[in-house]
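*Asks:* Sequence and computational prediction follow.
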Amino acid sequence: MKDFTLRKKFLDCKSGTCSLFKGFVMLVVLMLMTTSSAMAQEPKFEVIDGFRYLLDSDTKTATLVPKTDGKYSGNIIIPEKVKGNDGVEYIVASLSASCFEDCSGLTSINIPSSVTSLGESCFYGCSGLKSITIPSSVTSLDKRCFHGCSGLTSITIPSSVTSLSDYCFLHCRGLTSITIPSSVTSLGEGCFSGCSGLTSITIPSSVTSLGWYCFDGCRGLTSITIPSSVTSLGFGCFEYCSGLTSITIPSSVTSLDWNCFKDCQNLETVYFEGKYCRSNYADLCIPTTSIIKVPTEYLQGYKDSFGPDYKYIYAWNPDETGDDNKPVTQCSTPSISYESGKLMFACETAGAKYHYTITDTDIKSDALSENGEVSLSAAYNISVYATADGYKASDKAKATLYWINANLDTGTNINMVKTRGVVASAHDGIVTLSGLYNGEVVKFYATDGKYLGSSVAANGAASFAVNESLVIAKVGKDSIKIAVK
């Protein structure tokens, strides 16, 4: 910068003219200094060996930035140093925000140890990226860093990283496993949301919080261990984790947000190790069929907090060794039958209770018929599962209740119109019909009309073993189509 020092004698002039001139000179000096500073701060972009950089002349560092004439692709090795057009050597210190955004043709990348940060959305939408090496110099993975990298199957996070920012691995569907280093203290909002291929993950004891929607939609996750360092589970933390069957909430967790387990329909057992910490546990959306184990001294408090819809809340001692902290035996699958106008359920597990659903496709509301004719299926679809104290819920049993002709023979010429119910079900290749008359013959056919055999009803039921996936049972003049799984 030029030397704008003014002589003291000149500045000491006391006349009005000198005073005005002095002010003018100072204004010019300030303008020149501002212009010089602005010129020094002007961004300096250069393309070197196919990469576009922002060069900082003061720090002698370079930031890799997006291309302006296309996208990066292929197997990329980023250099540690580059030489600018000015002949100066610059150290590549960072990858800018959106540096490789939507570079779907990028397949692998090697990042040098000179890089300390990966900017926001750095690899956003790099669906073709299959491998990446992150050096131990990197201290942060910014928001949406790997969002949508669906081709990434595994990644090693260096121990220099202290946090995984919001949506860091959002929709990385190909990711099957990941190890988080003990340097990480928090998992940001939506960090692994939509990682449907993730089957296992190890959360280190350094992590203190799981952010909102942290594992939302991780359908492949069957189990997860929450360390005792964690104090809070964010809103919708495990939402739509349909593969999750059991989970233990450590006593360190003092904050559980709404919808934490929403649509975790296969969650069979939930273990709470600490005192209840919220007034309404129903807001967590744990399935009402789940078995919930809570510390003995807090049993009533948990029951009050969960409310009357939760029937299977039992006491346990988290400090005991043995089988108390293991999933309980599954209740036997119930059978479905029909007798004397009543639908009957039975289960080999003592004290079983039955949870059933009946649907009828004939039920309509304000439906429209163009010609005034409506065909009826005359059938109810039934599904039921059983629960019992000390057991986890059974598998679902399914059957169909058909309304067929009663086949009454009065010995007269009077035509009597009457129907009866017959339940048809199939399990392990055995087809069973109940609601029959004792001694009544049921004939079985393949779908191509081939006769398979017959069975005579005893105690109101007839059974027959088949190899086909679909059979037709003929009862009197009625034919019933039965799917065999």
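*Replies:* It's in. Residues are numbered from 1 along each chain as shown.

*Asks:* mind checking the SS state of residue 97?
*Replies:* Under DSSP: H, G, I helix; E, B strand; the rest coil, the three-state class of residue 97 is coil.

*Asks:* Read off the pLDDT value for it.
*Replies:* We note a pLDDT of 96 for residue 97 in this prediction.

*Asks:* what's the neighbour count on it?
*Replies:* Applying other C-beta atoms under 10 Å, we find 19 residues neighbouring residue 97. In this view, the C-beta of every residue, glycine as well, is placed from N, C-alpha and C.

*Asks:* got a list of what it touches?
*Replies:* Applying C-beta atoms under 8 Å, 6 or more residues apart in numbering, we find residue 97 in contact with 119-122, 142.

*Asks:* and it, how far is that from residue 47?
*Replies:* According to C-beta to C-beta, to the nearest Å, residue 97 and residue 47 sit 19 Å apart.

*Asks:* related to what we said a few turns ago, any chance of the contacts of residue 97 in a markdown table, plus secondary structure and distance to residue 222?
*Replies:* Shown next, in a markdown table, are those (DSSP: H, G, I helix; E, B strand; the rest coil; distance: C-beta to C-beta, whole Å):
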| residue | secondary structure | distance to residue 222 |
| --- | --- | --- |
| 119 | coil | 34 |
| 120 | coil | 32 |
| 121 | coil | 31 |
| 122 | coil | 31 |
| 142 | coil | 30 |
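
*Asks:* which one of the residues you listed sits closest to residue 265?
*Replies:* Distance to residue 265 across the contacts of residue 97 (C-beta to C-beta) is lowest for residue 121, with 33.4 Å.

*Asks:* contacting residues around that closest one?
*Replies:* For residue 121, the contacting residues are 97-98, 101, 142-145, 147, by C-beta under 8 Å, 6+ apart.

*Asks:* And the pLDDT at it?
*Replies:* Residue 121 carries a pLDDT score of 97 in this model.

*Asks:* how about the helices of the stretch 301-450 of the chain, start to end?
*Replies:* Using DSSP state H, counting those that start in this stretch, the stretch 301-450 of the chain contains no helices.

*Asks:* got the residue ranges for the strands in it?
*Replies:* Using DSSP state E, counting those that start in this stretch, the strands of the stretch 301-450 of the chain run over 313-316, 335-339, 342-346, 353-359, 379-387, 397-405, 419-427, 430-434, 441-446.

*Asks:* Make JSON lines from those strands and add mean pLDDT, distance to residue 64 and mean neighbour count to it.
*Replies:* As requested, these are exported to JSON lines (pLDDT from 0 to 100; distance: least, C-beta to C-beta, whole Å; neighbours: other C-beta atoms under 10 Å):
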{"stretch": "strand 313-316", "mean pLDDT": "89", "distance to residue 64": "54", "mean neighbour count": "16"}
{"stretch": "strand 335-339", "mean pLDDT": "89", "distance to residue 64": "65", "mean neighbour count": "20"}
{"stretch": "strand 342-346", "mean pLDDT": "90", "distance to residue 64": "66", "mean neighbour count": "15"}
{"stretch": "strand 353-359", "mean pLDDT": "88", "distance to residue 64": "57", "mean neighbour count": "14"}
{"stretch": "strand 379-387", "mean pLDDT": "89", "distance to residue 64": "56", "mean neighbour count": "20"}
{"stretch": "strand 397-405", "mean pLDDT": "88", "distance to residue 64": "58", "mean neighbour count": "19"}
{"stretch": "strand 419-427", "mean pLDDT": "89", "distance to residue 64": "62", "mean neighbour count": "20"}
{"stretch": "strand 430-434", "mean pLDDT": "93", "distance to residue 64": "66", "mean neighbour count": "21"}
{"stretch": "strand 441-446", "mean pLDDT": "95", "distance to residue 64": "67", "mean neighbour count": "18"}
